[in-house]
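J.: Output the structure for:
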Amino acid sequence: MYNWENKTIVVVEDVDFNFLLIKKQLKKTKASIVWLKNGQESIDYITDKKTADIILMDVRMPIVDGIEATKHIKTISPETPIIMQTACVIGNDFDDLMESGCNDYIFKPIIANDLLDKINNYILK
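T.: Now for the predicted structure:
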């Protein structure tokens with residue numbers, strides 16, 4: 001069981017159902033969850049110096065996609081860990097994801113234990 005009571009996890013996800021699923025998976029950790037619906041909102045959030053112990057970033061979103069948002073956030077706050085979440089990454093798409101500067105990635109559908117383990121690798125550093 002993970003206890004991240006004093007941690008803030010930012011979930012950048014444009015699909016309501018996907019956010020609710022992640023929120024449910026994180027509920028027992030006691031972390032504060034912030035929901036942002038596109039990459040521009042995540043850039044603005046970090047630019048405003050708001051708290052983010054880790055960011056779960058969807059790849060495909062409106063306005064600014066997760067890859068561009070991650071690149072921008074890493075120039076502002078390189079120490080903030082970002083885990084990209086995606087349904088499908090192959091070939092050049094995967095290269096783009098890896099070149100974004102993200103710390104890690106996870107494929108959808110997201111398995112709760114895998115997500116928690118990945119977050120734990122970064123959130124306590």
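J.: measure the residue positioned nearest the centre of the chain to residue 109 for me?
T.: Closest to where the C-alpha atoms of the chain average out (Cα atoms, centre = their mean) is residue 56, at 1.0 Å. The gap separating residue 56 from residue 109 is 14 Å, by Cβ to Cβ, to the nearest Å. To be clear about C-beta, it is placed using only N, CA and C from the backbone, and glycine gets the same treatment.
J.: can you check residue 29 too?
T.: From residue 29 to residue 109 the distance is 19 Å (Cβ to Cβ).
J.: What of residue 49?
T.: Applying Cβ to Cβ to residue 49 and residue 109 gives a distance of 34 Å.
J.: Remind me what the helix or strand residue 106 falls within packs against, helices and strands.
T.: Assigned by DSSP states H and E, residue 106 belongs to strand 104-107. Where contact means 3 or more Cβ pairs under 8 Å, 6 or more residues apart in numbering; DSSP states H and E, strand 104-107 is packed against strand 82-86, helix 112-123.
J.: from the ones you listed, which stretch is densest packed?
T.: strand 82-86 (a mean of 22; mean count of other Cβ atoms under 10 Å).
J.: Show residues contacting that one.
T.: Strand 82-86 has contacts (Cβ atoms under 8 Å, 6 or more residues apart in numbering) with 13, 22, 54-60, 66-67, 70, 73-74, 97, 100-108, 110, 118-119, 122.
J.: ok and whichever helix or strand comes after that strand relative to strand 82-86, angle-wise?
T.: Downstream of strand 82-86, the next assigned helix or strand under DSSP H and E is helix 92-99. Interaxial angle, helix 92-99 versus strand 82-86 (axes from the mean of the first three to the mean of the last three Cα atoms, to 10 degrees): 170 degrees.
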